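Asks: My questions concern the predicted model and sequence given below.
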Amino acid sequence: MPFFLNQRFSGLIIAVLVLTTPVFAADPKKKGQEKEALPEIVPETPGSKEMPPLEEVLTIVQNYFTGWKGYQPGDFITRNKIKPLFRQLQKADWTVKEEKNILKRIHAETDYLSRQLSTPKGLKFMRRVSRMPGGYDRLDRLMAMPYGKRNIRDFINSPGGFTMIEYMTTTKGGKNLGKYLSQAKTGKGFNQPTSYIYTETELIQAIKQAYETETGQKKKKR
């Protein structure tokens, strides 16, 4: 591991032992206040309409992402970019009851992590982290800790900064570090996923779950 990462690694541990005041919530339901307005949901037209089949819903979602300029699978998604998708689903005769809850689980464009990952260096860093299991979750967990935002910024702006996240997500030593950090007040559940939706794949899972809940498909399968 590069020397600067060893220094940063030590700094993370020292910060955990000295400071315990949260600076960022790694779980969206703990944030409490959200200033950004949620999208206006278009009222349903009178009359009962049959929901589109799940295959059609998934096709709409996949085509929506295909139309994004410069998009790559695994890219970090943000709330405003996803809002129009629900209007497309509504036009296809499905008003998603879980829309607000799903959108709350997606980072707003104004969130610190969203802004950092949207810079030129942040984009390169994001593409690296997107290939790591739970990489985005670790970034959120780090931000909840003392000096977390500064650490994330330094990782993004330093050559090879992504290797710290790689270490945390793919090595035994990294998992042990996560267990150690979990002992701190601001590091609880460090190795565990957050409640955020970060990618297209995770969004599809949430939409599919919402669809199955509304149609009762899960009960039928049983």
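Replies: Yes, it's here. Model, not experiment: these values are computed from the prediction.
Asks: Which residue comes closest to N80 once chain neighbours are left out?
Replies: Closest residue in space to N80, ignoring its immediate chain neighbours: E109 at 5.4 Å, by Cβ to Cβ, 6 or more residues apart in numbering. Where C-beta positions appear, they are placed from N, C-alpha and C, glycine not excepted.
Asks: Roughly how far does that neighbour sit from Q88?
Replies: According to Cβ to Cβ, to the nearest Å, E109 and Q88 sit 20 Å apart.
Asks: D75 too?
Replies: Plainly put, D75 is 19 Å away from Q88 if you go by Cβ to Cβ.
Asks: Name the helix or strand for N151, please.
Replies: In the assignment (DSSP states H and E), N151 maps to helix 148-157.
Asks: Contacts only, for M168.
Replies: If you count contacts by Cβ atoms under 8 Å, 6 or more residues apart in numbering, M168 has them with R138, G174, K175, L177, G178.
Asks: Could you pick out the buried ones from those?
Replies: R138, G174, L177, G178 (16 or more other Cβ atoms under 10 Å).
Asks: Using a markdown table, lay out those residues together with distance to G70, secondary structure and pLDDT.
Replies: Converted to a markdown table, those look like this (distance: Cβ to Cβ, whole Å; DSSP: H, G, I helix; E, B strand; the rest coil; pLDDT from 0 to 100):
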| residue | distance to G70 | secondary structure | pLDDT |
| --- | --- | --- | --- |
| R138 | 24 | helix | 97 |
| G174 | 30 | helix | 96 |
| L177 | 34 | helix | 95 |
| G178 | 32 | helix | 95 |
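Asks: isn't F155 right next to F162, touching?
Replies: Yes: between F155 and F162 there is a contact under Cβ atoms under 8 Å: 6.8 Å.
Asks: Overlap in contacts, the two.
Replies: The contact sets of F155 and F162 overlap at F125 (Cβ under 8 Å, 6+ apart).
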